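1. Sequence first, predicted coordinates after that:
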Amino acid sequence: MEWFHFALGALGLGFVIAAGITPRIVEYVETQTIDAPVGNVYDAIRFQRDLMRWSAWPSTTGTDCRVENSDGEIGARTVFLDKKGRQFGFQEVTRLERDRGIEFTLESKGPPHKPTLNLYLAPLEDKRTQVILHFVNDISPPFHVFLRSFGVVRWTRDMHRKDLDGLKRFCEPPHETYTGIPVRTEVT
C-alpha cells in the first residue's frame, strides 16, 4: 500500500510541476491571401450570417448557430447551439475597423478561459487582401495543462486554419461555403 501512496504523491508532484511550467497563454498567428478586394473580405467576416457559411465550425462540430443583435455591427453575436438546440457559447464582435480589422471575444461552457480573435486585413495589389488571424487565449490553471495535453489547443489552431481556407473559398470565385455549396457571385 505504501507504493500506492508514493505513486500517488509522485503523480501529484508531477502535475504541480507540469502546471507550473506549462504556459497558460495560447497565442498564434495564421495568414491567408485572398484574391478579393478588402471590402468584400471585411464584410464576409463582420456579417455573422456569412461567417457561419465559410467557417469550419458548424460542419466540423455538427452544431448549429444563430445570429443575435444587429448583424455586421459591434455587439453582433453568433450563438453556438448543441444538437438539442441549447446554447453553449457565443462569439461577439467587439471591435470593427472598416476594411482593417475585426475583433471577436468568445465565451463557452467549460474551463475558465478568455479567448480573443482578431482578424487584421491588409489590401494588396490587384485587389487582393491579406488576412492575419491573431488568436490569444488565457486559460486558467490547472485547466491549461489538460487543454494542451488532450490536443484542444492544436484542434483550435487547425480549426482556425480551416476557417481561413473557408473564407478564401467564400470570397473568391466560384464563391462557395465551407462545405462547397455555391453562394451568390457578388459577395458583400
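-> Thanks, I have it.

2. At the geometric centre of this protein, which residue do we find?
-> When the chain is reduced to its mean C-alpha position, the closest residue under CA atoms, centre = their mean turns out to be His160, at 5.4 Å.

3. Give the helix, strand or coil label for that one.
-> At His160, secondary structure determined by DSSP: H, G, I helix; E, B strand; the rest coil is helix.

4. what's near enough to touch it?
-> Contacts for His160 were tallied using CB atoms under 8 Å, 6 or more residues apart in numbering; they are Tyr28, Glu30, Leu117, Leu133, Phe135. To be clear about C-beta, it is placed using only N, CA and C from the backbone, and glycine gets the same treatment.

5. Could you single out the nearest of those residues to His175?
-> Distances from these to His175 were compared by CB to CB; the smallest belongs to Leu133, at 20.6 Å.

6. quick revisit: which pLDDT value belongs to the residue nearest to the centre of the chain?
-> The pLDDT attached to His160 in the predicted structure is 96.

7. can you pull out the strands in the chain?
-> Counting by DSSP state E, the chain has strands at residues 25-34, 64-68, 77-81, 87-97, 101-108, 113-124, 128-139.

8. could you give the angle of the third one to strand 64-68?
-> Computed by axes from the mean of the first three to the mean of the last three CA atoms, to 10 degrees, the angle separating strand 77-81 from strand 64-68 equals 150 degrees.

9. In terms of secondary structure, what does strand 77-81 contact?
-> Applying 3 or more CB pairs under 8 Å, 6 or more residues apart in numbering; DSSP states H and E, one finds that strand 77-81 contacts helix 48-54, strand 64-68, strand 87-97.

10. Relative to Asp126, which of those is closest?
-> Using CB to CB as the measure, helix 48-54 is the one of those that comes nearest Asp126, at 21.7 Å.

11. which strands and helices sit next to that closest one?
-> In terms of contacts (3+ CB pairs under 8 Å, 6+ apart), helix 48-54 is packed against helix 38-46, strand 64-68, strand 77-81, helix 152-171.

12. for stretch 171-188, the distance to its chain's centre please.
-> Once both centres are worked out by CA atoms, centre = their mean, to the nearest Å, stretch 171-188 turns out to sit 20 Å from its chain's centre.

13. Then stretch 169-178?
-> The gap between the average C-alpha position of stretch 169-178 and the chain average comes to 19 Å, counting by CA atoms, centre = their mean.

14. Would you mind measuring the gap between the ends of it?
-> Taking CA to CA, to the nearest Å as the measure, stretch 169-178 stretches 7 Å from start to finish.

15. How about stretch 105-122?
-> With CA to CA applied, stretch 105-122 spans 21 Å between its terminal residues.

16. For it, buried residues please.
-> Buried residues in stretch 105-122, counting neighbours by 16 or more other CB atoms under 10 Å, are found at Leu106, His113, Pro115, Thr116, Leu117, Asn118, Leu119, Tyr120, Leu121.
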